[in-house]
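1. I would like to see how this sequence folds:
(chains A and B)
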2 protein chains.
Amino acid sequence: MTYCVAIKVNEGLICLSDTRTNAGLDNISRFKKMFTWTVPGERAITLMTAGNLAITQAVMSLLQENIDKPENGLETLYSAPSMFRVAEIVGDAMRIVQDRYGPGLAARGEASDSTIICAGQRAGGPLRLFLVYSAGNFIEATDDSPFFQIGEHKYGKPILDRVITPEVPLADATTAALLSMDSTLRSNLSVGMPLDISVLRKDTYAFETEERIGTDNGRFQALSQRWSDALREAFVTIPQVIG
Amino acid sequence: MTYCVAIKVNEGLICLSDTRTNAGLDNISRFKKMFTWTVPGERAITLMTAGNLAITQAVMSLLQENIDKPENGLETLYSAPSMFRVAEIVGDAMRIVQDRYGPGLAARGEASDSTIICAGQRAGGPLRLFLVYSAGNFIEATDDSPFFQIGEHKYGKPILDRVITPEVPLADATTAALLSMDSTLRSNLSVGMPLDISVLRKDTYAFETEERIGTDNGRFQALSQRWSDALREAFVTIPQVIG
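-> Just a heads-up that it's a prediction; the model follows:
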């Protein structure tokens, strides 16, 4: 399984993914699910993937191949004039790959379902956050729904539902994303460390943070521990409902 | 959908269920999913159900019918000599009902899957908490795994994973159950108010609390609000992981 979360607040965008994949319970691997493309000062784009790994890897390879072969004359993540067009290009690549492998997978009773979170900003345009479905269609985050989750999303949703609004500072939204991930890691073995995180502050067109958080990351361990302590402390302040 | 949670701590047992059922998104109803049987001073038993409503209602009716017709001479929830035997009786009723309707449902491509939480204490025995599956088999909660959830369990699991151990006082475990439910209610429309709760203190053989919590319950509203506030306050104390 997988857990990826992307949050868009007024100050910027946070993308966070785990790295665990599994084909059955006894076949667990580590694969990167976050990919970034940057033209410093002009655009910064993050994609995160969930679902059938062969499908999403093929989509990523197709997108990269079009960048690597400018002689093909195809529009790419680097040349698209807007984030909306970037989402369309990702959706087109998804449709091409689904058309190629979807019927064969369906005939074998296997799922080709995949989703891709597409987030970023291009100079002259706003921060945008999209969720691309298996059919290549997509939806966009709004002030009413400022975050998207893909994969094993339920464990980490309550903390986001309570905390995230567009007004939340970027640093606090980053903490919320990490707590959402930590809750998921603790409750579901199919989501695992290390994590990849990218943070894009509005109108900077370059990632403020782009790093891997490993199991030995003392600051992440401290966050997890401090949150457990804070929850237990908060208990004391909760009024009794019964009795 | 449904969300029911049962927690066994050293001081006692808490059972909490919602009341929403749905056949599709546009067919939502309210059904009780918690049922209790008490012989004051001798035994107190709570069952909670999830899954195919026709199946679980038939199981409950069968269990009650055997109680109402002592002339049948069958062992019942009131006459069973132990909580282990109570769980077997519930499992037997599940098997009878599954045998009757399971094949017909399967032929129509419909699920007969159902689960029942069975909790309580009988004089002379310990507090026990069981989870009965569709096949009538069951598992028992232990100190390592002191709670069971059925139905839409993922949203409310992280708070339990962080907080619940057998040493937690009964009042705090009750708060944890209610917070787990509140998180689920906020994040999933298929789980809905009102709630049913039963609290059984160890060696009392009568429910300390057995009540319905409605949407107009000011104390539950206060718990939900206070918890949101506490989470936001806790944020301030969380160390930054990046930056």
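
2. hey, let's count contacts and neighbours off CA atoms from now on
-> OK.

3. now do the contacts for A:Pro158.
-> B:155, B:183-184, B:186-187 (CA atoms under 8 Å, 6 or more residues apart in numbering or on different chains).

4. farthest-separated two in the residues you listed?
-> Farthest-apart pair in those is B:Tyr155 and B:Arg186; separation 9.3 Å (CA to CA).

5. so between those two, which is more surrounded?
-> Using other CA atoms under 10 Å in any protein chain shown, the more surrounded residue of B:Tyr155 and B:Arg186 is B:Tyr155, with 27 against 16.

6. what about that one, which SS state?
-> Under DSSP: H, G, I helix; E, B strand; the rest coil, B:Tyr155 falls in the coil class.

7. now the strands: where do they sit in chain A?
-> Assigned by DSSP state E, chain A shows strands spanning A:3-9, A:12-17, A:20-22, A:28-30, A:34-39, A:43-51, A:114-122, A:128-132, A:138-140, A:147-151, A:195-201, A:209-213.

8. closest to B:Val191 out of those strands?
-> Smallest distance to B:Val191 across the strands of chain A (CA to CA): 20.1 Å, for strand A:147-151.

9. ok and the residue in chain A nearest chain B?
-> Using CA to the nearest CA, A:Tyr155 is the residue of chain A that sits closest to chain B, at 4.6 Å.

10. got the buried residues for the top helix by length along chain A?
-> Using DSSP state H to define each element, chain A has its longest helix at helix A:83-107. Using 16 or more other CA atoms under 10 Å in any protein chain shown as the test for burial, helix A:83-107 gives A:83-84, A:86-98, A:102.

11. so what pLDDT did the closest residue to A:Pro40 other than its chain neighbours get?
-> The shortest distance from A:Pro40 to any non-neighbouring residue, by CA to CA, 6 or more residues apart in numbering or on different chains, is to A:Ala206 (5.3 Å). pLDDT recorded at A:Ala206 is 97.

12. next, the contact list for A:Ala206, please.
-> So A:Ala206 contacts A:38-44, A:200 (CA under 8 Å, 6+ apart).

13. next: A:Leu223.
-> A:179, B:238-241.

14. among the residues you listed, who's most crowded?
-> Going by other CA under 10 Å, A:Leu179 tops the contacts of A:Leu223 with 21 neighbours.

15. just checking, it touches A:Arg226?
-> No: judged on CA atoms under 8 Å, A:Leu179 makes no contact with A:Arg226 at a distance of 10.5 Å.

16. residue numbers of chain A in contact with chain B?
-> Contacts of chain A with chain B, taken as CA under 8 Å from any CA of the partner chain, map to A:154-158, A:161-163, A:171-172, A:175, A:183-184, A:186-187, A:209, A:219-220, A:222-223, A:226-228, A:230-232, A:234-235, A:237-243.

17. apply 7 Å and report the result again.
-> A:154-155, A:157-158, A:161-163, A:175, A:183, A:187, A:219-220, A:223, A:226-228, A:230, A:232, A:234, A:238-241 (CA under 7 Å from any CA of the partner chain).

18. now for the longest helix of chain A, which elements pack on it?
-> helix A:53-68, strand A:114-122, strand A:128-132 (3 or more CA pairs under 7 Å, 6 or more residues apart in numbering or on different chains; DSSP states H and E).

19. try 6 Å
-> With contacts taken as 3 or more CA pairs under 6 Å, 6 or more residues apart in numbering or on different chains; DSSP states H and E, helix A:83-107 sits against no other helix or strand.

20. what sits up against that helix?
-> Here helix A:83-107 makes contact (CA atoms under 6 Å, 6 or more residues apart in numbering or on different chains) with A:59, A:77, A:80, A:112, A:135-136.

21. hang on, the earlier thing: out of the strands of chain A, which gets nearest to B:Leu53?
-> Proximity to B:Leu53, assessed across the strands of chain A by CA to CA, is greatest for strand A:147-151 (28.5 Å).

22. pull up the pairing partners for that closest one, direction included.
-> strand A:3-9 (antiparallel) (DSSP bridges).

23. what about the strand it pairs with, distance to the chain center?
-> 6 Å (CA atoms, centre = their mean, to the nearest Å).

24. about what we covered before: mind putting the contacts of A:Pro158 into JSON lines with distance to chain A and pLDDT?
-> Shown next, in JSON lines, are these (distance: CA to the nearest CA, whole Å; pLDDT from 0 to 100):
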{"residue": "B:Tyr155", "distance to chain A": "5", "pLDDT": "95"}
{"residue": "B:Ser183", "distance to chain A": "5", "pLDDT": "93"}
{"residue": "B:Thr184", "distance to chain A": "7", "pLDDT": "95"}
{"residue": "B:Arg186", "distance to chain A": "7", "pLDDT": "90"}
{"residue": "B:Ser187", "distance to chain A": "6", "pLDDT": "90"}
